[in-house]
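Asker: Below are the sequence and a predicted model for it; my questions follow.
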There are 2 protein chains.
Amino acid sequence: MASSVTPPRGMRDFLPADKRRRDLILDRIRSTYRSFGFDEIETPVAEESDRLHAGLGGDNEKLAFAIMKRGITPEKLAAASEPLELADLGLRFDLTVPLARFYATHRATLPGVFRAIQIAPVWRAERPQKGRYRQFVQCDIDIIGEPGPMAEIELLSATSAVLDGLGLAGTTIRINDRRILVALLSHWGVPVDRFDHALVIVDKLDKVGVDGVVTELASIGVPVDGLAEALGELSGATWESVADADWLDAAAFADLVSLRDALPGARLEFDPTLVRGMGYYTGTIFEVAHPDFGYSLGGGGRYDGMIGRFLGVDVPAAGFSLGFERLVDLVELSGEGSGDGVVLLYDAGAEPAALVRLQHELAAHGTRVRLDRKAKNLKNQLAGLKEQGFESFATVSDSTATAADLSFRSLS
Amino acid sequence: MASSVTPPRGMRDFLPADKRRRDLILDRIRSTYRSFGFDEIETPVAEESDRLHAGLGGDNEKLAFAIMKRGITPEKLAAASEPLELADLGLRFDLTVPLARFYATHRATLPGVFRAIQIAPVWRAERPQKGRYRQFVQCDIDIIGEPGPMAEIELLSATSAVLDGLGLAGTTIRINDRRILVALLSHWGVPVDRFDHALVIVDKLDKVGVDGVVTELASIGVPVDGLAEALGELSGATWESVADADWLDAAAFADLVSLRDALPGARLEFDPTLVRGMGYYTGTIFEVAHPDFGYSLGGGGRYDGMIGRFLGVDVPAAGFSLGFERLVDLVELSGEGSGDGVVLLYDAGAEPAALVRLQHELAAHGTRVRLDRKAKNLKNQLAGLKEQGFESFATVSDSTATAADLSFRSLS
């Protein structure tokens, strides 16, 4: 067993420095969202298998980790015709399905317009690769119960404050509306029953380019005369360039313009080719782009039909999800690398009661205090303590009665 | 589906007020342990099934939730002779097995004496009952690599600071040593091969009383002449009363006395009947007792043999685990129930850009700000906002240009 002691495939341990850095950044995200009037909630990591596989998670449903029923008898095992029959729960693959379930459970005690923060891990059994993990953290905010644009405005306003607070000033937020996409597909002559498929194809524009998209659209029967040119124009579209286009859903576009005008600080860019993968979006959709990355740092949109799937009554909803694992590497924390805390070095003969007293005295004043027995190689020990993030050290001797008797020296 | 929308059996949602309260208490525990020189780490929620079922988790192993392999073919399903063959991972049932695995994985990069904090959920498929959940949070500290009593001293010192910091001054820490128990069993004439079983029986003293324990010990062949009297005396034992007892392992007892003397603030009580359930303890064991509760709030001890199970080399270790779900109800937070944050009430005709500007302005000064459309029933709305924890509100009108123009009124 000792030969390959690693965490499960695609999952990670976090050592002290990493854990601390992650928690500081998460705390900053949490407190900014809270300052914008959102409230944090928590749901269990597992949901009923039936709920996870109700068709609301798109392709992610296939990636759900299944949790086996307890007490499966040999008879039940033998009778099972497919694996999911042996599972009653699954690890959540996103925070949206659990939120919809949470809202359905607790609606009676929640405010009419509910603003939720969820900062928590999700699990997907994806093939592990660089930057893609099987357990990873998402930071979601959602507003449930607000049908009008104030939901989108609050989501975008708070999220741009989070991005600014993390020093990610280079990010922009691309925005579109599913209604604009639908009008566009109609304009192209895409048959209504091919809309979903066509959206999946347009969504690949970044990856396969204009020619690739045109070829794929042709393969599902879309007339492609002039399509390459149209797509080329769309890729470079701006708020101004599309304003009079004949394919534009003018009402939806006017809504986006009013979002832009309400949010001068949010760096909103109109992108009529933005699709967002999930099938449940019904209106505005948005995505955080960073100039250094080919992928988005997060995104979201309006999903008015989803809550009804659990509640039985439709409730308007919109949300924004930040992918924490993609953000965390981009953030530079101020003061990062500077020390924090002191070390009290003691000899083997030191009086434990005195060490305890000194540590309590310093800790009571808010100082982080590590007790450490003096090693033979002091130089190595001090270098290690500096690397662990301590700032200074003092040696405890028989004559040290209180913290005032300690003389601290810098570890740097 | 809408008929019974609840979280999975035995698992809980946390609504905003509850979530906030829990996080404030967890932050306090975390920061106290950190101030005593411990470092927080994180491991994935899942571990390899083989590691969870390696015999280190005692009865908890049976309660582990199993995660199914992905891509089980009909052939593999049909060939499975028992359910665990279909699982490759499981949710952790404690934080000790993952820590041992973590240490084995990362030993080369960790300090020689490693002081870990783990504050995280664990999962056990127990029959749900009052105060017992299938997902619950544990707060563990462990010291790996320190063979001497300074490990126990640091654990007890930091944990008593945590308990004091949470206002749980009524707690005491019962302490014993496995060596004392072993000597006691020998003294009673328990056959060596019955020690484990006899410890399980003695562990029930609180529940079944002296007579119950004597009856059960008799049933496994322990001579019971005078045993009831001896057990009665043990139950009321104090540091002073046992000092000269003929059954006492004097060396182990002297070690406990030196712990007590080093920790005058920790309220240590000697309890020679304290067993602690887990089989892996090898020396000191301790347990947090509260006068109002028949169960412990946490406990721990020395487990020198465990790390070696993963690493292949024995490394001394000791740990202390607090059961957060039992603590959280006992803690009274200062300032609890007092408001935090302001609400800006607006009419339907309000300018969104102005609302966004005001919210950003106040939030930038660290104020929590909720935007809320004015409801028809203002009295109800204000009562609801007060209940949600807001402190004051102001109405935004057309003439509100900056936050200085707002006039706030208390919600209380």
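Answerer: Great, that's in hand.
Asker: Below-threshold pLDDT in the stretch 1-150 of chain A: ranges please.
Answerer: Low-confidence segments of the stretch 1-150 of chain A (pLDDT under 70): A:1-4.
Asker: can you give me the strands in it?
Answerer: Under the criterion DSSP state E, counting those that start in this stretch, the stretch 1-150 of chain A contains strands at A:39-40, A:46-48, A:66-68, A:87-91, A:114-123, A:135-144.
Asker: I'd like these laid out as CSV, including distance to chain B and mean neighbour count.
Answerer: Heads up, the C-betas are built off the backbone N, CA and C, glycines and all. Compiled in CSV, the strands of the stretch 1-150 of chain A are given as follows (distance: least, CB to the nearest CB, whole Å; neighbours: other CB atoms under 10 Å in any protein chain shown):
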stretch, distance to chain B, mean neighbour count
strand A:39-40, 4, 21
strand A:46-48, 5, 24
strand A:66-68, 4, 25
strand A:87-91, 5, 24
strand A:114-123, 7, 22
strand A:135-144, 5, 23
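Asker: Serialize the ones you listed to CSV and add fields for distance to B:His197.
Answerer: Shown next, in CSV, are these (distance: least, CB to CB, whole Å):
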stretch, distance to B:His197
strand A:39-40, 47
strand A:46-48, 36
strand A:66-68, 31
strand A:87-91, 35
strand A:114-123, 40
strand A:135-144, 40
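Asker: how about the residues of the stretch 301-412 of chain A near chain B?
Answerer: The stretch 301-412 of chain A comes close to chain B at residues A:309-312, A:341, A:343, A:351-353, A:355-356, A:359-360, A:363, A:366-373, A:375, A:384, A:388, as judged by CB under 8 Å from any CB of the partner chain.
Asker: Which of those are buried, as a ChimeraX select command?
Answerer: The buried residues among these can be selected in ChimeraX (16 or more other CB atoms under 10 Å in any protein chain shown) with this line:
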select /A:309,310,311,341,343,352,355,356,359,360,363,368,369,370,371,372,373,384,388
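Asker: Now intersect the residues of the stretch 301-412 of chain A next to chain B with the helices, please.
Answerer: Within those, residues falling in helices by DSSP state H are A:309-311, A:352-353, A:355-356, A:359-360, A:363, A:384.
Asker: Can you tell me which of the residues you listed is nearest A:Lys130?
Answerer: A:Gly384 (30.1 Å; CB to CB).
Asker: got the phi/psi numbers for the nearest residue to that closest one once chain neighbours are set aside?
Answerer: In space, and not counting its chain neighbours, A:Gly384 is closest to B:Pro111: 5.9 Å by CB to CB, 6 or more residues apart in numbering or on different chains. As for B:Pro111, its main-chain torsions (degrees, to the nearest 10) stand at phi -60, psi 160.
Asker: Give the buried residues for stretch A:279-297.
Answerer: If you call a residue buried by 16+ other CB under 10 Å, then stretch A:279-297 has these buried ones: A:279-290, A:296-297.
Asker: Of the residues you listed, which belong to strands?
Answerer: Judged by DSSP state E, the buried residues of stretch A:279-297 include A:284-289 as members of strands.
Asker: Which one among these sits at the bottom for pLDDT?
Answerer: pLDDT is lowest at A:Ala289 among those; the value there is 91.
Asker: could the ones in strands among the buried residues of stretch A:279-297 be laid out in CSV, adding distance to B:Val214?
Answerer: Output for these, formatted as CSV (distance: CB to CB, whole Å):
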residue, distance to B:Val214
A:Thr284, 73
A:Ile285, 72
A:Phe286, 71
A:Glu287, 71
A:Val288, 69
A:Ala289, 74
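Asker: Closest one to chain B out of the residues you listed, please.
Answerer: A:Thr284 (13.8 Å; CB to the nearest CB).
Asker: In the sheet, which residues pair with that closest one? Tell me.
Answerer: A:Asp177 (DSSP bridges).
Asker: what residues are up against it?
Answerer: Contacts for A:Thr284 (CB atoms under 8 Å, 6 or more residues apart in numbering or on different chains) come out as A:152, A:175-178, A:255-256, A:259, A:301-302, A:318.
Asker: one more time with 7 Å, if that's ok
Answerer: When the contact criterion is CB atoms under 7 Å, 6 or more residues apart in numbering or on different chains, the partners of A:Thr284 are A:152, A:175, A:177, A:301-302, A:318.
Asker: And A:Ile180, by the same measure?
Answerer: A:248-249, A:252-253, A:272.
Asker: which residues does the residue lying closest to A:Pro44 once chain neighbours are set aside contact?
Answerer: Distance criterion CB to CB, 6+ apart; nearest residue to A:Pro44, sequence neighbours excluded, is B:Met11 at 3.6 Å. By CB under 7 Å, 6+ apart, B:Met11 lies in contact with A:44, A:46, B:133-135.
Asker: Identify, from these, the entry nearest to A:His53.
Answerer: Among the contacts of B:Met11, and counting by CB to CB, the member closest to A:His53 is A:Ala46, at 13.2 Å.
Asker: what sits against the residue nearest to that closest one when sequence neighbours are not counted?
Answerer: Computed as CB to CB, 6+ apart, the closest residue to A:Ala46 that is not its neighbour in sequence is A:Leu89, at 4.3 Å. A:Leu89 sits next to A:46-49, A:67, B:8 when contact means CB under 7 Å, 6+ apart.
Asker: mind running it again at 8 Å?
Answerer: For A:Leu89, the contact set (CB under 8 Å, 6+ apart) comprises A:46-49, A:66-67, B:8, B:65.
Asker: Also A:Gly226?
Answerer: Here A:Gly226 is in contact with no residue (CB under 8 Å, 6+ apart).
Asker: So what does it look like in phi/psi?
Answerer: Reported as degrees, to the nearest 10, the phi and psi values for A:Gly226 are phi 80, psi 0.
Asker: Let me see the confidence value for it.
Answerer: Here, the pLDDT recorded for A:Gly226 equals 87.
Asker: Start from the N-terminal end of the stretch 1-150 of chain A and give the helices.
Answerer: A:16-35, A:49-52, A:74-79, A:96-106, A:150-165 (DSSP state H, counting those that start in this stretch).
Asker: mind putting these in CSV, distance to chain B included?
Answerer: Below are the helices of the stretch 1-150 of chain A laid out as CSV (distance: least, CB to the nearest CB, whole Å):
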stretch, distance to chain B
helix A:16-35, 4
helix A:49-52, 7
helix A:74-79, 6
helix A:96-106, 4
helix A:150-165, 5
